[in-house]
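In: One predicted model, sequence on top.
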Amino acid sequence: MLRGMADNPRWIQPGPRLLGSHGGDTAGPLVIGIGGIHGNEPAGVRALQQALEALRCSNAPFRGRFVGLAGNRAALARGRRYIHEDLNRLWFPERIQRLRDGHGSVDATSEEAEQRELLAALDTQLAQRNGPVVCLDLHTTSAAGSPFVVIGDTLLNRRFAFGLRAPVVLGLEERLESTILNYLGERGYVAVGFEGGQHDSPSAVTIHMAAIRSVLATAGCIRAKDFPAPHGGRDGSAAEATEGRAAPVVVEIRDHHVIREGDDFVMEPGFTNFQPVERGQLLARDRGGPVLARESGQILMPLYQGQGRDGFFLVRRVRPFWLRVAERLRRLRFERFLPVLPGVRRYADHPATLVVDPRIARWFVVELFHLLGFRKRRSREGKLIVSRRWHEPCVFEKLEPEA
Ligand SMILES: [Zn+2]
């Protein structure tokens, strides 16, 4: 009886914010795993608990510190995405400042209390760190389909993402403002989002465990060989999704259907993550009538749950050639030459932010800036503002086998 309950992925006890920690005796990376920032996604919380337990029982060497944090605890206890507002859309500077300033004030929503506590927990961990920081944000999706990785496109984030051996999605952070991953990425940390399959899928916890193991190994906290693959004979990566391909598939977001209040959005049944769709294909219906695909590609995160504002995304494969070009150009620090191009100038005295006049810089707009690791921020008076993603200086060395 009890066992059946514990195995039910939907059932979760309202637990502590700090799920646990491991290590901390030696200098090294601080790896922060966050699970359940959406309360109907408990698999990440379970995986963090199980990974911490596995580490506790092991005598294997460990460098740095690993911490697990629970996201939306009130929503986790009820199995809902959120209570009043989406906790993963609230990480913008004014709000964070307000939370930091407003000690003792009454929280207007359940998520305000959650965010205040989660922010305090993050601040506490970050204040104690003794090395570079890696953040792993664990999610699941309402649709079925293979797991995938979400990153802001930096070479360092790529290294962690490629280690996960699942398809990598670029450009989500330009579409979804104020996620916790954006907040942490903008502070210069390695920031990796991982979607471990469908909410209720029995394998979601195992897949998340494999992701945690991979990130800890890439960060140099553990040796991968000390922690056998959760899938028995497998190598422990989230490799189910990659079908044995050597290089991970990289896709970029091309379109995003935003649901407005009162839209009565209903996704057509049966879509799964990365399913190919044709331009003009019926994807959903809402008050305005049929919602059709605006271009051909693959569908990502079709919405099959009541809560949430993102109907679906369309993605397209980035050819390996362009990934290599991007890496070459970034290693050459090609972005230094951008301000000499016509129609491009620096934004005030922000060295990493540029203002682009698309009327002049016609043929090298968004694609070129993506290639060079820039993120589109906003358009203002017909001008495009882009800023380069950055990392604080850091080095990750593999944890070598003992001599
Ligand atoms: Zn989520």
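Out: Right, received. Where do you want to start?
In: Could you find the closest non-adjacent residue to Arg158?
Out: Ile151 (6.9 Å; C-beta to C-beta, 6 or more residues apart in numbering). C-beta here means a position set from N, CA and C on the backbone, and glycine is covered the same way.
In: What about the one you found, how many residues nearby?
Out: Ile151 is flanked by 28 other residues according to other C-beta atoms under 10 Å.
In: what's the spacing between it and Ala121?
Out: From Ile151 across to Ala121, the span is 23 Å (C-beta to C-beta, to the nearest Å).
In: which stretch of helix or strand covers the residue of the stretch 101-250 of the chain found nearest the ion?
Out: Relative to the ion, the nearest point of the stretch 101-250 of the chain is His139 (3.5 Å; C-beta to the ion). Per DSSP states H and E, His139 falls inside strand 133-141.
In: what's downstream of that strand, the next helix or strand?
Out: Using DSSP H and E, the helix or strand that directly follows strand 133-141 along the chain is strand 148-151.
In: List the strands paired with that next one, with their directions.
Out: strand 168-170 (parallel), strand 190-198 (antiparallel) (DSSP bridges).
In: what's the most buried one of those?
Out: Among those, strand 190-198 has the highest mean neighbour count (mean count of other C-beta atoms under 10 Å), at a mean of 28.
In: Next, work out how far apart Tyr183 and Ala166 are.
Out: In this view, Tyr183 and Ala166 are 23 Å apart by C-beta to C-beta.
In: what's the longest helix in this structure?
Out: Of all segments of type helix in the chain, defined using DSSP state H, the longest is helix 110-127.
In: Show me which parts of that one are buried, residue by residue.
Out: Counting neighbours by 16 or more other C-beta atoms under 10 Å, one finds that the buried residues in helix 110-127 are 110-119, 121-122, 125.
In: For the nearest residue to Arg17 once chain neighbours are set aside, list the residues it contacts.
Out: Computed as C-beta to C-beta, 6+ apart, the closest residue to Arg17 that is not its neighbour in sequence is Ala121, at 5.2 Å. Shown in contact with Ala121 (C-beta atoms under 8 Å, 6 or more residues apart in numbering): 17-18, 69.
In: are any of these buried, and which?
Out: Neighbour counting over the contacts of Ala121 (16+ other C-beta under 10 Å) leaves Leu69 as the buried ones.
In: Count the neighbours of Gly306 for me.
Out: 9.
In: Between Tyr183 and Ala166, which has more neighbouring residues?
Out: Of the pair Tyr183 and Ala166, Ala166 is the one with more neighbours under other C-beta under 10 Å, namely 28 against 20.
In: Am I right that that one sits in a strand?
Out: No. Looking at Ala166 with DSSP: H, G, I helix; E, B strand; the rest coil, it is coil, so not inside a strand.
In: That one reaches Ile151, doesn't it?
Out: No. Under the criterion of C-beta atoms under 8 Å, Ala166 makes no contact with Ile151, lying 11.5 Å away.
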